[in-house]
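**Student:** I would like to see how this sequence folds:
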Amino acid sequence: MDECKYRNDIEQLKTDNAITKTITNEIREDVREMKADLKQLLNNGVIDKKVESAVAKLFFRFMLAAVTSGGGIAAVISWFAGRGG
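**Tutor:** Okay, here's the model as predicted:
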């Protein structure tokens, strides 16, 4: 009987498959570790503090933009003028 002409290709595919499985398992382990770290951060409130800080900065920037715009300046001036009465 003839030797299979695709024998080398089959062996290479087996090797590639083994390497792919190994890399996939390593990636899955890394993802599990990242999920565990993320859960720990969520439980510790670190992310909540970062979100609070980002929202506060965004609110401050929005207020600064509103006050420094033409309408905002007019509103502040009229508010001061009304208080000085």
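**Student:** buried sites along the longest helix along the chain?
**Tutor:** Of all the elements of type helix in the chain, the one with the most residues (DSSP state H) is helix 7-44. Under the neighbour-count criterion of 16 or more other CB atoms under 10 Å, helix 7-44 has nothing buried. C-beta: built from backbone N, CA, C; applies to glycine.
**Student:** For that helix, which helices and strands make contact with it?
**Tutor:** For helix 7-44, not one helix or strand is in contact under the criterion 3 or more CB pairs under 8 Å, 6 or more residues apart in numbering; DSSP states H and E.
**Student:** Please repeat the previous calculation with a cut-off of 10 Å.
**Tutor:** Helices and strands touching helix 7-44, as assessed by 3 or more CB pairs under 10 Å, 6 or more residues apart in numbering; DSSP states H and E, comprise helix 46-68.
**Student:** Of all the residues in the helix it packs on, which ones are buried?
**Tutor:** Residues of helix 46-68 classed as buried under the neighbour-count rule (16+ other CB under 10 Å) do not occur.
**Student:** what sits up against the helix or strand of the chain with the lowest mean pLDDT?
**Tutor:** Taking all helices and strands of the chain together, the one with the lowest average confidence (mean pLDDT, DSSP states H and E) is helix 70-84, at a mean of 76. The contact list for helix 70-84 (CB atoms under 10 Å, 6 or more residues apart in numbering) reads 63-69.
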